[in-house]
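1. mind folding the following:
(one chain, ligands or ions: 1)
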Amino acid sequence: MAGCHRTPDVTRGAGETWGPGRVFGIVPLPDNQMYWFATESTPEGGHEADEKTAVLDRFGTWYPPIRECIDNTPAESILRHDIYDLAKMPSTFVRNRTVLLGDAAHAMTPNLGQGAGQAIEDAATLVLLLRSGDITAALARHDRIRRARTRTLWRQSRLMGKAAQAANSVAVHLRNSLLRATPPAIVSRSAARVAKWTSP
Ligand SMILES: Cc1cc2nc3c(=O)[nH]c(=O)nc-3n(C[C@H](O)[C@H](O)[C@H](O)COP(=O)(O)OP(=O)(O)OC[C@H]3O[C@@H](n4cnc5c(N)ncnc54)[C@H](O)[C@@H]3O)c2cc1C
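-> Here you go, the predicted structure:
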């Protein structure tokens, strides 16, 4: 993942490109800034002596402006990390008066871009429920509401990651055909459902 000035033409908005076993994403930011990310399934803990060259080797031939994004990024601002999610969701987020929020409760893969959003939803839900003054009831309700919502997103995020990172050529062909056949309205509706928070 890396940030740089938006010198390449990335005015088309945020987006991801899914290739066989690899993903490249570009996100324009205000003030002429942007960040990009690149993912590949590799053994845990791996590092290259020169991460910029490694990314260029893997993604430099993808369509413009991917190469320019990488070229325009100072090597020292490229970060490489393994990605983890929870192997299993906890059976409760609440014990007595202790509540798990955010990644401590429901760390998910970044494929839906919902990890921080869900931490914020947790906090907003908790604050609103605690206004009732009945702490025990508020925490029980928080647990019920938040586990249901975050479990769905945690599963979807994992599934999306598997689809995005598919490397097998048959799986890639099926995935691409399915995506091409999916009407944009369905994609928009499902994205809206992911982003929709309902106040308790
Ligand atoms: C590559 C990547 C891309 C992502 N993209 C998105 C995105 O587009 N949209 C989105 O919504 N989310 C995204 N996320 C997820 C998001 O970053 C996390 O879900 C979010 O940061 C979780 O917030 P948190 O406060 O629960 O935990 P954290 O952000 O991990 O905060 C926990 C804090 O507690 C501190 N801490 C830990 N132990 C102790 C201790 N013992 N004492 C004191 N402090 C301690 C840590 O240093 C840390 O600062 C992404 C994550 C990754 C890895």
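
2. right, and the helix or strand after the longest helix anywhere in the chain?
-> Secondary structure of the chain per DSSP state H: the longest helix is helix 135-164. Following helix 135-164 in sequence order, the next helix or strand is helix 169-181 (DSSP states H and E).

3. can you pull the buried residues of that next one?
-> For helix 169-181, the neighbour count (16 or more other C-beta atoms under 10 Å) marks 172, 175 as buried. (Glycine included, C-beta is placed from N, CA and C.)

4. what about the following helix or strand past that helix, average pLDDT?
-> Sequence order places helix 184-195 as the next helix or strand after helix 169-181, per DSSP H and E. Per-residue pLDDT values over helix 184-195 give a mean of 94.

5. same question for stretch 124-137.
-> 98.

6. tell me the buried residues in that stretch?
-> Quick answer for stretch 124-137 (16+ other C-beta under 10 Å): 125-126, 129.

7. of the residues you listed, closest to the ligand?
-> Distance to the ligand across the buried residues of stretch 124-137 (C-beta to the nearest ligand atom) is lowest for L126, with 13.0 Å.

8. sorry, back to before: what is the longest helix of the chain packed up against?
-> Contacts defined by 3 or more C-beta pairs under 8 Å, 6 or more residues apart in numbering; DSSP states H and E place helix 135-164 against strand 15-19, strand 94-95, strand 98-99, helix 103-106, helix 115-130.

9. okay, buried residues for it please.
-> 138-139, 141-143, 145-147, 149-150, 153-154, 156-158, 160-161, 163-164.

10. just want the most central residue of the chain.
-> Most central in the chain under C-alpha atoms, centre = their mean is P110, positioned 2.1 Å from the mean C-alpha point.

11. now the phi/psi pair for that one, please.
-> phi -80, psi 10 (degrees, to the nearest 10).

12. would you confirm that it contacts Y84?
-> No - using C-beta atoms under 8 Å, P110 makes no contact with Y84, being 10.6 Å away.

13. which pLDDT value goes with G45?
-> On the pLDDT scale, G45 gets 96.

14. ok, it - contacts?
-> Residues near G45 by C-beta atoms under 8 Å, 6 or more residues apart in numbering: D82.

15. avg pLDDT for stretch 160-173?
-> 96.

16. and it, end to end?
-> Using C-alpha to C-alpha, to the nearest Å, one end of stretch 160-173 lies 16 Å from the other.

17. what does stretch 27-42 give?
-> Start-to-end, stretch 27-42 (C-alpha to C-alpha) is 24 Å.

18. list the buried residues of that stretch.
-> In stretch 27-42, counting by 16+ other C-beta under 10 Å, buried: 27, 34-36, 38-40.

19. likewise for stretch 97-108?
-> Quick answer for stretch 97-108 (16+ other C-beta under 10 Å): 99-102, 105-108.

20. the ligand contacts on the protein?
-> Residues of the chain found near the ligand (C-beta under 6 Å from any ligand atom) are 1, 83, 102-104, 110, 113-117, 119.

21. nearest to G15 among the residues you listed?
-> G113 (11.9 Å; C-beta to C-beta).

22. please tell me how far that closest one sits from T136.
-> 34 Å (C-beta to C-beta, to the nearest Å).
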